[in-house]
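1. What shape does this take:
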Amino acid sequence: MEDSSVQKYNNQYSLSIRFSSDGFSLLIYDELKKLLTAKTVPVDLTTIHYEDLIELLLDDVETILNIKKIRLIYESDTYAFVPASIFRAEHATDFLFFQDKLNKSDKISFNKLPNWDTVDVFTVPGVLNDAMAHLFPRLEIEHHLSWFLSGKIRSTGENSVQIWVRPKKMDVVVLNNGNIVLINSYDYSTPEDFTYFTLNIFQQLTLSKEEYPVKLYNSENCTELKQHLQKYLKSVSCEN
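-> Numbering: from 1, shown residues only. You can find the predicted model right below:
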């Protein structure tokens with residue numbers, strides 16, 4: 001993402017602060033959800049002290065305070081989706097028991113997604129959790145896949161394979177008649193890798209290549225990925 005200076009905006013605009021392990025981005029949108037400006041700050045969330053993270057964010061405090069709607073989104077690769085009927089907040093940690101990336105300093109958090117009848121349990125670095133609790137005590141940190149499901153995917157009874165594309169990561173959501181049958185993330189290096197994992201999902205879940213369109217989101221290389229997939233699949237599209 002190209003850096004640009006963040007200016008003062010009125011409180012009708014919205015701000016998303018997206019965190020990942022290697023930094024964060026501030027993205028400002030107008031009333032029509034059009035991106036106005038973006039600023040990226042590289043920082044290692046595994047080593048920075050929470051007071052230093054607060055200081056970095058306070059560099060843009062006037063911008064933050066002048067914006068009415070703020071969303072905090074964290075890209076965590078340690079997550080589990082749990083049926084809402086069996087989820088209990090006091091047992092949230094248990095649902096990540098089999099994960100091998102748990103860190104003692106991490107905070108276990110969760111997002112309830114009533115439209116999907118599921119709960120997204122995930123980890124947040126302790127430093128990020130402490131900094132956000134200090135700056136935005138009333139705001140919930142959203143997992144990026146919670147945001148993806150609630151903001152980009154509609155439960156309309158469709159069959160589809162929806163893929164959120166990150167650098168070297170692909171987050172896959174498979175819908176069957178509007179119900180989630182798979183949520184998983186895969187590492188990839190090349191468009192060929194990306195195609196292999198997508199086709200493997202079709203094979204493992206016995207999905208019809210004619211009845212399950214593939215939708216790609218958030219990819220600067222969407223055209224290239226689409227061209228590779230179209231060699232094998234009937235319908236592939238790049239979504240905004």
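2. pull the longest helix from this protein.
-> If you go by DSSP state H, the chain has its longest helix at helix 191-204.
3. helices and strands around the following helix or strand past it, which ones?
-> Once helix 191-204 ends, the next helix or strand along the chain (criterion: DSSP states H and E) is strand 214-217. Contacting strand 214-217 under the criterion 3 or more CB pairs under 8 Å, 6 or more residues apart in numbering; DSSP states H and E are the following elements: strand 160-166, helix 222-229, strand 236-238. Where you see a C-beta, it was placed from the backbone N, CA and C, and this is true even at glycine.
4. mind checking which of those is nearest L96?
-> Shortest distance between L96 and the helices and strands packed on strand 214-217, using CB to CB, is found for strand 160-166: 20.3 Å.
5. So which residue is smack in the middle of this structure?
-> By CA atoms, centre = their mean, the mean C-alpha position of the chain lies nearest to H144, the distance being 2.0 Å.
6. residue ranges for the strands of this structure, please.
-> With DSSP state E as the definition, the chain shows strands at residue ranges 14-20, 23-29, 35-42, 69-74, 79-83, 107-113, 118-124, 141-143, 160-166, 169-176, 179-187, 214-217, 236-238.
7. contacting residues around I48?
-> When contacts are counted by CB atoms under 8 Å, 6 or more residues apart in numbering, I48 touches V127.
8. Next, the distance between the ends of stretch 215-225.
-> Start and end residues of stretch 215-225 are separated by 11 Å (CA to CA, to the nearest Å).
9. in that stretch, what's buried?
-> Burial within stretch 215-225, assessed by neighbour count using 16 or more other CB atoms under 10 Å, is assigned to 215-219, 222, 225.
10. sorry, back to before: out of the helices and strands packed on strand 214-217, which is closest to F197?
-> Minimum separation from F197 across these (CB to CB) falls at strand 160-166, 9.3 Å.
11. what angle separates that closest one from strand 169-176?
-> 170 degrees (axes from the mean of the first three to the mean of the last three CA atoms, to 10 degrees).
12. State the mean pLDDT of stretch 217-231.
-> With pLDDT averaged residue by residue, stretch 217-231 scores 91.
13. how far does that stretch stretch from start to finish?
-> End-to-end distance for stretch 217-231, by CA to CA: 19 Å.
14. do the same with stretch 153-165
-> Across its full length, stretch 153-165 reaches 14 Å between end residues, using CA to CA.
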